[in-house]
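Engineer: sharing a sequence plus its predicted fold:
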Amino acid sequence: MPTVTFKTKEFWTRLPCSSKLGAGVVYMAVDGITEKDWHLVKEMSDGYESVIPNFGLHPWFVQGRSPTWFDTLKQLFEANPSAAVGEIGLDKSPLAKGADFGQQVEVFKKQLELAKELKRPASVHCLEAFPELLQIMKEMGHFPSGVILHSFNGAPEVVPQLTKLGSYFSFSGHLMPLQEDEARKIVKAVPLDRILLETDSPDAMPTDPIYFVPGNATLNQPANVRSV
């Protein structure tokens with residue numbers, strides 16, 4: 001299934017259903033990445049049969065969490081049996097500037113443990129933190145419900161260990177700017193039955209997109225999974 005991250009409800013409402021359904025995109029995994037997004041994702045899943053809700057606290061936003069964030073998250077999963085855990089993760093890249101890594105680890109562990117306890121898949125963002133990710137996953141053991149490495153662009157060498165732990169590897173338009181040889185090595189390292197494709201909408205516009213968001217050609221949309 002293509003995985004899709006929407007940052008705002010407004011972005012969703014600007015996309016005509018015909019452009020998604022006509023392209024063959026029947027279901028979309030929509031990630032809430034901060035506490036303020038979670039209720040919007042819940043509203044979308046209630047209003048659109050095609051939306052599969054995901055709830056998680058993204059590593060970039062760990063320092064803005066409230067004291068009750070984890071209780072709220074658990075309540076959302078109790079009320080939404082189809083929801084996955086995400087987007088969660090670890091990020092030591094410049095994109096995570098200001099997000100304390102120690103806090104990222106603390107928040108990530110709690111959410112990953114919850115995913116395993118509830119037997120839900122987890123959508124994981126990881127940039128420049130694969131040694132830490134591997135260590136945490138090894139401590140927790142195999143994940144039968146699966147861990148999706150979202151927009152994966154890690155080194156080929158980490159793939160076998162992550163595969164043994166129950167990981168899947170999802171490729172998006174973020175792979176396309178890489179040198180072709182480098183991209184091929186990453187993709188070829190992944191077993192065929194562990195490869196997923198996604199759009200990461202509204203980000204990660206693929207090379208030569210097929211579909212555009214009306215009025216804004218810079219935003220990506222779910223139907224571009226065909227381009228990916």
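Structural biologist: It's in. The shown structure was predicted, so the numbers you read here are calculated from the model rather than taken from an experiment.
Engineer: please pull out the lowest mean pLDDT helix or strand from the chain.
Structural biologist: Within the chain, confidence by mean pLDDT, DSSP states H and E is lowest for helix 9-13 among all helices and strands, at a mean of 39.
Engineer: separation between residue 75 and residue 55?
Structural biologist: Per CB to CB, to the nearest Å, residue 75 is found 10 Å from residue 55. In short, each C-beta sits where N, CA and C put it, glycine included.
Engineer: and if you look at residue 218?
Structural biologist: For residue 218, the distance to residue 55 equals 27 Å [CB to CB].
Engineer: the more surrounded of these two?
Structural biologist: Taking neighbours as other CB atoms under 10 Å, residue 218 and residue 55 compare with residue 55 leading, 29 against 8.
Engineer: isn't that one right next to residue 77, touching?
Structural biologist: Yes. Look at residue 55 against residue 77 with CB atoms under 8 Å: they come within range, at 6.9 Å.
Engineer: list residues touching both of the two?
Structural biologist: Common neighbours of residue 55 and residue 77 are listed as 83, 85 (criterion: CB atoms under 8 Å, 6 or more residues apart in numbering).
Engineer: packing partners for whichever helix in the chain runs longest?
Structural biologist: Secondary structure assigned by DSSP state H gives helix 101-118 as the longest helix of the chain. Helix 101-118 sits against helix 69-79, strand 84-91, strand 122-127, helix 130-140, with contacts defined as 3 or more CB pairs under 8 Å, 6 or more residues apart in numbering; DSSP states H and E.
Engineer: so can I have CSV of those showing mean neighbour count, distance to residue 101 and mean pLDDT?
Structural biologist: CSV is the format used below for the helices and strands packed on helix 101-118 (neighbours: other CB atoms under 10 Å; distance: least, CB to CB, whole Å; pLDDT from 0 to 100):
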stretch, mean neighbour count, distance to residue 101, mean pLDDT
helix 69-79, 15, 18, 97
strand 84-91, 26, 8, 97
strand 122-127, 25, 12, 97
helix 130-140, 15, 8, 97
